[in-house]
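Enquirer: Sequence first, then the predicted structure, then my questions.
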Amino acid sequence: MLTATIPDWSDLQPGFDDPVHDAQGVFRAVLDALARPGQLRSVGGRLAHSDEASIAARAILLALADATTPVWLQAPLGEVSSALRFHTGAPLLGGEAGLATAQFALLTDPANCPALERFAFGTAESPEHSATLIVDVPALHEGHEGDTNNDALRLRLRGPGIQTHADVTVGGLTAAFWQARAALAPRFPAGLDLLIVAGDSVLGLPRTTHVEVC
């Protein structure tokens, strides 16, 4: 006789209090962040604190992921995995083999990010078939004043949605990461879109944004 396998929900964390309206609010924040690179947007305090990933990272995945969007996790996160399985039904991936098929990727150890060319970045004919990287960082703020982390880099952004330039400070990512991202520019319109997150804040960096390390 066949027996059903019962999922282990011991790590399950609550999702949105109001799934429809909360997801819509997070979606609007992400769209606005991508339309205005350099301007941080808040997803709101819609989730409880977790030691595994920021509120913004988890809220974005709960709002955007579904059963058709594979999510790659850099580390085996019990709470995040349980929440995504229960609330979204998203297929979860891990390891090197899952990089090329992930539609979303959650980086919780950004200093050890896999090589960017391992992710799906689409083609000239189908640039939408690319991954969105959600990068959880220890420090993130607008401008170049008041650095909160000795490893934080001062970045200058230029491109669509920015009048002249925008300055931000981002911790946890090395200059080599930004150089590797810049190396993907000749492949446009293919490329990777980034959502840099910390706390409940999100910084959108679409593939059209030029990033200079100051």
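Expert: Cool, the structure landed.
Enquirer: going forward, measure contacts and count neighbours with C-alpha atoms only.
Expert: Fine.
Enquirer: contacts for the host helix or strand of A180?
Expert: Taking DSSP states H and E as the criterion, A180 maps to helix 175-182. When contacts are defined by Cα atoms under 8 Å, 6 or more residues apart in numbering, helix 175-182 is touched by residues 113, 115-116, 153, 210-213.
Enquirer: Can you name the element that comes right after the lowest-mean-pLDDT helix or strand in the chain?
Expert: The helix or strand of the chain with the lowest confidence, counting by mean pLDDT, DSSP states H and E, is helix 78-87 at a mean of 91. Where DSSP H and E defines the elements, the next helix or strand beyond helix 78-87 is strand 92-93.
Enquirer: What strands flank the very next helix or strand once past that next one, and is each parallel or antiparallel?
Expert: For strand 92-93, the succeeding helix or strand toward the C-terminus, using DSSP H and E, is strand 104-107. According to DSSP bridges, strand 104-107 has the following sheet partners: strand 71-73 (parallel), strand 132-136 (parallel).
Enquirer: Now L40: closest residue in space, sequence neighbours ignored.
Expert: L203 (4.9 Å; Cα to Cα, 6 or more residues apart in numbering).
Enquirer: burial measure for that neighbour, as a count.
Expert: Look at L203: counted by other Cα atoms under 10 Å, it has 29 neighbours.
Enquirer: Then it would be within a strand, right?
Expert: Yes - under DSSP: H, G, I helix; E, B strand; the rest coil, L203 sits within a strand.
Enquirer: list the contacts for it?
Expert: Applying Cα under 8 Å, 6+ apart, the residues near L203 are 33-34, 37-41, 195-197.
Enquirer: Distance check, it against V197.
Expert: Look at L203 and V197: by Cα to Cα, to the nearest Å, they are 6 Å apart.
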